[in-house]
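Asks: please find the sequence and the predicted model below.
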Amino acid sequence: MSKAGDVIITRVQFTDTDGSKVRPALLLFEEMGNVVIAGITTNMQMKGIRISVNEGAAQESIIKLNYLFTITNESIIKTVFHLSASKKKLVFEELTKRLERLKV
């Protein structure tokens, strides 16, 4: 079973068609069979948190915290590696900054 902080390979549904594709993602949390993930890209021009080959990525990549979506546990193909505690802390801090906008 995958857990928060795992970099996974998952099947992601296209938003504009019936198709899907296999993509890497960061598992943020799972609740009642719903898994919230952040997309990962190798496009180094994108904004986000960098993960390196030395950390376990297949190639230099970016965790896109502006690209969050929900999948099911059944969509997860495999777990590739787990983020370090310091990288998980950075993800948490960056997400918290964005969620601060919800405060009333």
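Replies: Done, it's in. Numbering: from 1, shown residues only.

Asks: tell me where the protein has helices.
Replies: 85-99 (DSSP state H).

Asks: just want the most central residue of it.
Replies: Leu26 (2.3 Å; C-alpha atoms, centre = their mean).

Asks: surely that one meets His82?
Replies: No. Leu26 lies out of contact with His82 (C-beta atoms under 8 Å); the separation is 10.2 Å. Where you see a C-beta, it was placed from the backbone N, CA and C, and this is true even at glycine.

Asks: excluding chain neighbours, what is closest to the residue nearest to the centre of the chain?
Replies: Among residues not flanking Leu26 along the chain, Ala38 sits closest, at 4.5 Å (C-beta to C-beta, 6 or more residues apart in numbering).

Asks: got a pLDDT number for the residue nearest to the centre of the chain?
Replies: Note on Leu26: pLDDT of 98.

Asks: residues in contact with it?
Replies: 5-8, 37-38, 40, 63, 83, 91 (C-beta atoms under 8 Å, 6 or more residues apart in numbering).

Asks: cool, thanks, talk later.
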